[in-house]
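Student: Make a model of this:
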Amino acid sequence: FSLSTFSSVQVAVDLEAPGQVLPVTVKVTETTFRELRIGPGFGLQTGGGGSDVRGTARFEHNNFLGRLIRTEAEVQGGYRVFANDLVSQVTEDRQDIVADATNAIDGGPFVSADLGLTYPHIFGLDRWTHTPKVSFERVFKEDVKSWRVGVAPSFRYQISPHLALVPGYRWNYYVIDELDPGVALQMDQQPYHIHRIELSTVWDHRKPLLRPQRGHFVELYVSNAGAFLPGATFAEARLDARKYVTVTMGPRGDFRPVVAGRVVAGAMIPYGETQAGEVPYNERYFLGGSTTVRGFGEHQLGPRICRVYDVSADGQGEDVLTPVKDTDCTSVAGTDQEFNADALGGEAMLYTNLEFRLPLWSWGDLVLFQDTGWTWMTLAQADLRQLQPGVGAGLRVASPAGPIRLDWGVRLLSDPEYVNDHRGRHVYFALQEAF
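Tutor: Numbering: from 1, shown residues only. This next block holds a predicted model:
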């Protein structure tokens, strides 16, 4: 039944049968093995976070080859746009940049494809499963455009109904098409491999899984990259802990809001030929956005580098911006210099989420939230005094595909890093809970 092979199981005992042994009849009904889901979607984040329209096709087969092999394939594609506050056109020599008086729009297509097979009861053992996965992705983000091909075989040992151990291996091959010069490392200038040996310990006691109202979830992830094969060498540890509590209120106990909390912390420790601060760009932590710290644009919370431009006239009434230097954003924040900020990501991060989910309607909830977080270039630079908070409110609308989420968040502190982000308020739209 847990393999999604049967939709129902009925057990009937004939209590009127003579003798000491009672006959038992078990009737099972097979489920539909194949399922195809196709649908459109879109994501919205104001304030430089990027917005996109996309389509998704997902195919599942719960009894592939008649051997209870679960097959999952998903293809997603779309178009993403970013508001570019500074750059709108590059001249032929690609040195001088012509500025537009209005915000230009930078955009392009993205696509991803994933295929996974889950083999139950491997090694003849009921609690073991094996899941080989392959993936392909065209990454299109504000600071990087790249291609990725990956292979990730893993095993899962179900120790108990709620506790599992997941060892695995992950290989990713990156080709960088475009990366802002201020954030690029030497490794990012050419195609490169990342090999990881991984181990996850998962304790999942959430009920229900789609919209948890009680219980908890804890995942401890550790990995070692480059230990046995060429590539960047670094170790990583990450903890994700969540708690859900239903509070009974009202004179009849029929008003039951949910308090949900989450803490996520992670660190990468380079070793060997990889020095601190040299973990490749696509492997670093990035915070900010609808699922981490709201009140900030996507991937915009953490250390950033600012490219300063010299403004001059081109003789035709247009301002020409010439890149002068890359510098710490705090040195130019609040000045009259023209600059553009790029996220650096980091090798250490911490963020927390706290939500109060109020079931005000039969079709949805009102949510109040408070998020806090920061990313550091290296673990040695971690300083809890740098944590940036954001608060806000949102709506959750029930749908067959899960909750439709609309959040509005605002950052609380006027940190010098973000003085050029005049908005300070962001809107997020998604088709899932934040956590």
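Student: List the contacts of Gly364.
Tutor: Gly364 sits next to Leu395, Arg396, Val397, Ala398, Pro403 when contact means Cβ atoms under 8 Å, 6 or more residues apart in numbering. C-beta coordinates here come from the backbone N, C-alpha and C atoms, glycine included.
Student: so the nearest residue to it once chain neighbours are set aside bridges to which residues?
Tutor: Leaving aside its sequence neighbours, Gly364 sits nearest to Val397 (Cβ to Cβ, 6 or more residues apart in numbering; 4.3 Å). As for beta bridges, Val397 partners with Gly364, Ile404 under DSSP bridges.
Student: From Lys243, how far out is Val397?
Tutor: Noted for Val397: a distance of 24 Å to Lys243, by Cβ to Cβ, to the nearest Å.
Student: Of the two, give the one with the bigger neighbour count.
Tutor: Lys243 (16 against 12; other Cβ atoms under 10 Å).
Student: check contacts around the more buried one.
Tutor: Neighbours of Lys243 in contact, by Cβ under 8 Å, 6+ apart: His216, Ala260, Gly261, Arg262.
Student: Of the residues you listed, which is the most crowded?
Tutor: Ala260 (21 neighbours).
Student: Just confirm Asp407 is within a helix.
Tutor: No - using DSSP: H, G, I helix; E, B strand; the rest coil, the assignment for Asp407 is strand, not a helix.
Student: Pick out the residue nearest the middle of the protein.
Tutor: For the chain, Thr291 is the residue whose C-alpha lies nearest the centre (Cα atoms, centre = their mean; 6.7 Å).
Student: Quick one: classify that one as helix, strand or coil.
Tutor: coil.
Student: What is the burial count for the closest residue to it other than its chain neighbours?
Tutor: Leaving aside its chain neighbours, Thr291 sits nearest to Ala434 (5.5 Å; criterion: Cβ to Cβ, 6+ apart). If you count neighbours by other Cβ under 10 Å, Ala434 ends up with 22.
Student: try Asp52
Tutor: 18.
Student: helices and strands around the helix or strand it falls within, which ones?
Tutor: For Asp52, the element it lies in under DSSP states H and E is strand 51-64. Contacts defined by 3 or more Cβ pairs under 8 Å, 6 or more residues apart in numbering; DSSP states H and E place strand 51-64 against strand 34-45, strand 69-84, strand 104-120.
Student: His426 is nearest to which of those?
Tutor: strand 34-45 (6.2 Å; Cβ to Cβ).
Student: Who are the contact partners of Glu35?
Tutor: Taking Cβ under 8 Å, 6+ apart, one finds Phe59, Glu60, His61 in contact with Glu35.
Student: Surely Val202 touches Val218?
Tutor: Yes - when contacts are counted by Cβ atoms under 8 Å, Val202 is listed as touching Val218 (7.5 Å).
Student: Run me through the strand neighbours of the strand holding Asp52, direction for each.
Tutor: strand 34-45 (antiparallel), strand 69-84 (antiparallel).
Student: which of those is buried the deepest?
Tutor: The highest average neighbour count among the strands paired with strand 51-64, using mean count of other Cβ atoms under 10 Å, belongs to strand 69-84 at a mean of 17.
Student: The spatially closest residue to Val81 that is not a sequence neighbour - how many residues pack around it?
Tutor: Nearest non-adjacent residue to Val81, counting by Cβ to Cβ, 6+ apart: Gly107, 3.6 Å away. Neighbours of Gly107 under the rule other Cβ under 10 Å: 15.
Student: quick one: Ala380 is in a helix?
Tutor: Yes - per three-state DSSP, Ala380 lies within a helix segment.
Student: Can you name the residues that contact it?
Tutor: Applying Cβ under 8 Å, 6+ apart, the residues contacting Ala380 are Ala276.
Student: what pLDDT does it get?
Tutor: At Ala380, the predicted lDDT confidence score is 93.
Student: same deal with Val87?
Tutor: On the pLDDT scale, Val87 gets 34.
Student: Format the contacts of Lys243 as JSON lines; extra columns: pLDDT.
Tutor: Shown next, in JSON lines, are the contacts of Lys243 (pLDDT from 0 to 100):
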{"residue": "His216", "pLDDT": "96"}
{"residue": "Ala260", "pLDDT": "96"}
{"residue": "Gly261", "pLDDT": "97"}
{"residue": "Arg262", "pLDDT": "97"}
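Student: Go through the residues you listed and name the one nearest Val11.
Tutor: Checking the contacts of Lys243 one by one against Val11 (Cβ to Cβ), the nearest turns out to be His216, at 31.9 Å.
Student: out of everything not next to it in sequence, what's closest to that closest one?
Tutor: With Cβ to Cβ, 6+ apart, the residue lying closest to His216 is Lys243, at 4.9 Å.
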